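*Asks:* structure for this input, please:
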Amino acid sequence: MGREFRTDGTVPEGDAGMGFGPNLWPERAEFREVLTEYHRRMTAVATLLMEGLALSLDLPADWFRDFCYDAAPSLRILHYPPQPANPQPGEKGAGAHTDWGGITLLAQDANGGLQVLGKDGWIHADPIPGTFVVNLGDLMARWTNDRYRSTLHRVVNTSGAERYSMPFFFSGRPDAEIVTLPTCRTEGEPDRYPPTTPAQHTREKQQETYVVNAGG
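*Replies:* Residues are numbered from 1 along each chain as shown. The predicted structure is shown next:
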């Protein structure tokens, strides 16, 4: 699910992939009510975390305010069936990937399965009750010229039980400018990424993922 409208009540043409447009809801009214409120609260949490990231980069706390204003975050509710205890290399609930947005907040159940790539290999991100896993996305890598890396992660569900997780993707305002931050520029070192926007980056990743990969 995503936000259905901007604050002015309009749905920007071509931005449906960023989380705008009508959601498809089950008949149970409480499902929509609970998830809409959850989406609202997670947006507030993500906005606060973006302030913390700004401070960590020696920037004013409100540096990312334009990115956070009228943001288009999306929420997914994922089900992973059980996998063998020793899966084959291709048997994964979700293959290795990075998220496309700014940050991702993940609520996961107690069954585990999330793995994050560290310098010495894959690390199990074991569930901790009452917490979220926070992943940095591609836009944060582009902003920081790779000082902060986009988190490469995957899911291998060897718990023997069904696994559920709820990732909240905070991708910001679709037309916000993403350009190397002033505190992440080093004299003599070129920008590794050209300027972009969340919408443009999403379109490019969709093309790469669903067109190029589909063709073999």
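
*Asks:* start to end distance for stretch 191-206?
*Replies:* In stretch 191-206, first residue to last residue: 24 Å (C-alpha to C-alpha, to the nearest Å).

*Asks:* strands of the protein, residue ranges please.
*Replies:* Secondary structure of the chain (DSSP state E): strands at 74-75, 78-80, 94-97, 103-108, 114-118, 121-124, 133-136, 153-155, 163-170.

*Asks:* packing partners for the shortest one?
*Replies:* Packed against strand 74-75, as judged by 3 or more C-beta pairs under 8 Å, 6 or more residues apart in numbering; DSSP states H and E, are the following elements: helix 29-56, strand 163-170. Every residue, glycine included, has its C-beta placed from N, CA and C.

*Asks:* by mean pLDDT, flag the weakest helix or strand of this protein.
*Replies:* When the helices and strands of the chain are scored by mean pLDDT, DSSP states H and E, strand 94-97 comes last with a mean of 80.

*Asks:* so what secondary structure elements neighbour it?
*Replies:* Counting contacts by 3+ C-beta pairs under 8 Å, 6+ apart, strand 94-97 is packed against strand 153-155.

*Asks:* let me see the mean pLDDT of the strand it packs on.
*Replies:* For strand 153-155, mean pLDDT rounds to 89.

*Asks:* what strands line up against that strand, and which way round?
*Replies:* Sheet pairing of strand 153-155 (DSSP bridges) gives strand 94-97 (antiparallel), strand 114-118 (antiparallel).

*Asks:* which one of these lies closest to residue 142?
*Replies:* Minimum separation from residue 142 across those (C-beta to C-beta) falls at strand 94-97, 16.4 Å.

*Asks:* coming back round to it: closest one to residue 1 among the strands of the chain?
*Replies:* strand 74-75 (5.1 Å).

*Asks:* hey, which of the strands paired with strand 153-155 is tucked in deepest?
*Replies:* Greatest average neighbour count among the strands paired with strand 153-155 goes to strand 114-118 (a mean of 16), per mean count of other C-beta atoms under 10 Å.

*Asks:* residue ranges with poor pLDDT in this protein?
*Replies:* By pLDDT under 70, the low-scoring segments of the chain are 5-21, 83-94, 212-216.

*Asks:* ok, and what's touching stretch 52-62?
*Replies:* 51, 63-64, 103, 140, 144, 147-148, 181-184 (C-beta atoms under 8 Å, 6 or more residues apart in numbering).

*Asks:* so which of the residues you listed belong to helices?
*Replies:* Using DSSP state H, the members of the contacts of stretch 52-62 that fall within helices are 51, 140.

*Asks:* closest one to residue 1 out of the contacts of stretch 52-62, please.
*Replies:* Taking C-beta to C-beta as the measure, residue 1 lies nearest residue 103 of those, at 18.0 Å.

*Asks:* the spatially closest residue to that closest one that is not a sequence neighbour and residue 197, how far apart?
*Replies:* The shortest distance from residue 103 to any non-neighbouring residue, by C-beta to C-beta, 6 or more residues apart in numbering, is to residue 170 (5.1 Å). Residue 170 sits 15 Å away from residue 197, taking C-beta to C-beta, to the nearest Å as the criterion.
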